[in-house]
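Asks: Provided below for reference: sequence and predicted model.
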2 protein chains.
Amino acid sequence: MSRVLNRKPNISPEVQKRVNDSIKKLDYRVNLRAKGLVQKSSDIIGVIASDITNPPISQFIEAFASRLHENSLGILLGNSGNDIRKEFEFIDLFVERKARGIIYTGKEITEEHVHKLNDCPIPLLVVSQEHEQLKCPVVVFDNYQASYDVVRLLLEKGHSRIGFISCPIEDKHAGLLRQRGYRNALKDVGIAFEEPLLQYADFTMESGYLAAERILEQAKELPTVIYGATDQIAIGALKCLRDKSFRVPDDIAIFGFDNIPVASKLVPSLSSVNLDHYEMGYFSADMLLKMAETSGVGIKKVIFSHSIILRESCR
Amino acid sequence: MSRVLNRKPNISPEVQKRVNDSIKKLDYRVNLRAKGLVQKSSDIIGVIASDITNPPISQFIEAFASRLHENSLGILLGNSGNDIRKEFEFIDLFVERKARGIIYTGKEITEEHVHKLNDCPIPLLVVSQEHEQLKCPVVVFDNYQASYDVVRLLLEKGHSRIGFISCPIEDKHAGLLRQRGYRNALKDVGIAFEEPLLQYADFTMESGYLAAERILEQAKELPTVIYGATDQIAIGALKCLRDKSFRVPDDIAIFGFDNIPVASKLVPSLSSVNLDHYEMGYFSADMLLKMAETSGVGIKKVIFSHSIILRESCR
DNA sequence: CTGAAAGCGCTAACAA
DNA sequence: TTGTTAGCGCTTTCAG
């Protein structure tokens, strides 16, 4: 029976029909677990995400899942809420379920993570994060360069007082690197870093709002532009400015990062850095699949390109 | 060994230690598939979503997944992109994997769906959709009433020319019922329905923009408010109005539906109907778990409450 | 209390 | 070409 089900060659049509009839009659369904048990391979991939509610992440997962589905693979979803304990539990779970591979799209890679991830006995791909001691391949955007580019562009446009709202630097890419791009761009043109112009937020719009308030309060002199490390932050900052009756971009301009779908529909529409998370999702799926097939693809890091999109919030 | 692993009673500490040592030494991991095979029950739930990129859906899934994780269950994600073929494939896949249950959060329930869903041999819960012939329980918001309430409120505020941008009516809840609420509220106060004031969009902001443009072009007389069947639509419409230099809400007000996170951060902030998708997610998880345990919970339909949130876009 | 054996549903290998 | 059997890794049952 197994033979006709799996379309093996050399089966007489007579048997084929007989089996197919019984299958229909008995309403037979394969038990994929039993199948996996004997074949020692499952057809699922585990995905660890910090927050699927976050547009860049959900876009990535959507693309990733779609490509996986084309290859008849399913996805086991682990939403961690940034809780390291949960993330480790998911890894264990995925391993115990014999997933073909794991995608890690968390927000932070601690020393603990490094150990856990390096110990992972199944193919692993880290997305949008990295760490020197991490052995698995990573797929990233060049967040440092992109952020540096933004600030240089702002400078060229005559903005010399640039407020920046950073993500937590525990997030190496969205946090540390974007902030470093900001700092270095200023340094490279000889502008002194001013403490009050850099404030911290997390990944919510609300925290962006609050951080913008702090910039407004603490700055010795008002910035001419506020640049948020994510669009969510920028949206919060934009709201804050409008609530306080600043004109955007005339009084203070706004710049974001990620180009989430709503960015182009805001009033004023939000200038941002476009990162193609769909593209990254498709690619990551292909890459992880290849890793699972060939046990290692000789790739250490893949860097995707970005582009800057100027809209009304910052001309 | 199985005994010590699963904390069965009556095991001498000596054996316990011996086994635990070996486990550590050999870096042993359970094989959950083998375990599931013999126990005939898995610890996963299948989730079918049309588009995890859509905030209400991702919020629901996040809450749902979080509650599931508390109960040590994993989630298999099926993102269908609204493709009925994929949805059916996911159902088969979940069944073959012996998932404990399935959540269906698609956008449409066709006759075909009804058959497929009614045939499903494992517990099934349908979210935000319904169909007369569907046998499984459903969990919904009262979209008709909510929409009716919005329009009555608009009427009370003096808006007699209300433009409405509908979702496709194939989506019974977000489409048909919200539109019906609009139509009936008008009818109940004796206002004639005007064809050009009702336009259709899908679930994107872009389509909301375009639909708003059509209202503006085709209306014999401009509406004083445009009410979008989703926040995404309303955001697109808002953008359209602003692009055409209408003042919102002074010239034309805007009303949305869903109260997605960004609604409160727009300028002007968006009036909307608040639906607690997190709450719904938690509840659905509990309910599905109960269904899986007791094979049926004697519940046919659960209706969650909604509330109207007035913000700047419509005072 | 513990070791050994049966069997979950499947596929691969081996006979027939 | 086809029927049969071993065995995947686990839990449960049955002896011991």
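Replies: Sure, I can see it.

Asks: going forward, measure contacts between C-alpha atoms and count neighbours the same way
Replies: Noted.

Asks: Roughly how far does the closest residue to A:L176 other than its chain neighbours sit from DNA strand D?
Replies: Nearest residue to A:L176, sequence neighbours excluded (C-alpha to C-alpha, 6 or more residues apart in numbering or on different chains): A:I169, at 4.4 Å. A:I169 sits 39 Å away from DNA strand D, going by C-alpha to the nearest atom of the strand, to the nearest Å.

Asks: so who does the nearest residue to A:L310 once chain neighbours are set aside touch?
Replies: In this structure, A:L310 finds its nearest non-sequential neighbour in A:S271, 4.6 Å apart by C-alpha to C-alpha, 6+ apart. With contacts defined as C-alpha atoms under 8 Å, 6 or more residues apart in numbering or on different chains, A:S271 is in contact with A:254-256, A:259, A:263, A:308-314.

Asks: Check A:S271 and give its pLDDT.
Replies: A:S271 is assigned 98 on the pLDDT scale.

Asks: related to what we said a few turns ago, would you mind writing the PyMOL command to select the buried ones in the contacts of A:S271?
Replies: Buried residues among those (16 or more other C-alpha atoms under 10 Å in any protein chain shown), as a PyMOL selection:
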select buried, chain A and resi 254+255+256+259+263+308+309+311+312+313+314
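
Asks: in chain A, which helix or strand is least confident?
Replies: Lowest mean confidence among the helices and strands of chain A (mean pLDDT, DSSP states H and E): helix A:2-5, at a mean of 78.

Asks: tell me which element the most centrally placed residue in chain A falls in.
Replies: Nearest to the mean C-alpha position of chain A, counting by C-alpha atoms, centre = their mean, stands A:I57 at 4.5 Å. According to DSSP states H and E, A:I57 maps onto helix A:55-70.

Asks: OK, contacts around the residue nearest to the centre of chain A?
Replies: Contacts of A:I57 by C-alpha under 8 Å, 6+ apart are A:49, A:51, A:105, A:277.

Asks: Chain A: strands as residue ranges?
Replies: A:44-49, A:74-79, A:101-105, A:124-127, A:138-141, A:162-166, A:198-200, A:225-228, A:253-255, A:272-275, A:301-304, A:306-309 (DSSP state E).

Asks: Nearest to chain B, out of the contacts of A:I57: which one, please.
Replies: A:D51 (7.6 Å; C-alpha to the nearest C-alpha).

Asks: Within range of chain B, give me the residues from the stretch 101-250 of chain A.
Replies: A:205, A:235-236, A:239, A:242 (C-alpha under 8 Å from any C-alpha of the partner chain).

Asks: Can you flag which of those belong to helices?
Replies: A:205, A:235-236, A:239, A:242 (DSSP state H).

Asks: Out of those residues, who's the most crowded?
Replies: Greatest neighbour count in those, by other C-alpha atoms under 10 Å in any protein chain shown, goes to A:I235: 28 neighbours.

Asks: For it, which non-adjacent residue is spatially closest?
Replies: A:M205 (6.1 Å).

Asks: B:N274 versus the one you found, what's the distance?
Replies: 18 Å (C-alpha to C-alpha, to the nearest Å).

Asks: How about A:Y282?
Replies: For A:Y282 relative to B:N274 (C-alpha to C-alpha), the value is 34 Å.

Asks: Closest to B:I11 out of the contacts of A:S271?
Replies: Set against B:I11, the nearest of these by C-alpha to C-alpha is A:N259 (58.9 Å).

Asks: Test my guess that that closest one contacts A:L266.
Replies: No: with contact defined as C-alpha atoms under 8 Å, A:N259 does not count as touching A:L266 (11.5 Å).

Asks: So which residues of chain A form helices?
Replies: A:2-5, A:13-26, A:32-39, A:55-70, A:84-96, A:111-119, A:143-156, A:178-188, A:205-218, A:231-243, A:277-294.

Asks: Single out the most deeply packed of those helices.
Replies: Of all these, helix A:231-243 has the most neighbours on average by mean count of other C-alpha atoms under 10 Å in any protein chain shown, namely a mean of 26.

Asks: could you give the angle of it to helix A:55-70?
Replies: Comparing the axes of helix A:231-243 and helix A:55-70 via axes from the mean of the first three to the mean of the last three C-alpha atoms, to 10 degrees yields an angle of 150 degrees.

Asks: and helix A:231-243, what's its mean pLDDT?
Replies: pLDDT averaged over helix A:231-243 gives 97.

Asks: Show me what that helix packs onto, helices and strands only.
Replies: Applying 3 or more C-alpha pairs under 8 Å, 6 or more residues apart in numbering or on different chains; DSSP states H and E, one finds that helix A:231-243 makes contact with helix A:205-218, strand A:225-228, strand A:253-255.

Asks: Could you point out which of those sits nearest DNA strand D?
Replies: helix A:205-218 (45.0 Å; C-alpha to the nearest atom of the strand).

Asks: neighbouring contacts of the closest one?
Replies: A:163, A:165, A:196-202, A:222, A:226, A:228, A:232-241, B:262, B:265.

Asks: Off-centre distance for it?
Replies: A distance of 24 Å separates the C-alpha centroid of helix A:205-218 from that of its chain, computed with C-alpha atoms, centre = their mean, to the nearest Å.

Asks: Please name the residues that touch A:F304.
Replies: Per C-alpha under 8 Å, 6+ apart, neighbours of A:F304: A:139-142, A:280.

Asks: Need the residues you listed in JSON lines (columns: distance to B:Y209).
Replies: Shown next, in JSON lines, are those (distance: C-alpha to C-alpha, whole Å):
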{"residue": "A:V139", "distance to B:Y209": "35"}
{"residue": "A:V140", "distance to B:Y209": "33"}
{"residue": "A:F141", "distance to B:Y209": "31"}
{"residue": "A:D142", "distance to B:Y209": "33"}
{"residue": "A:M280", "distance to B:Y209": "28"}
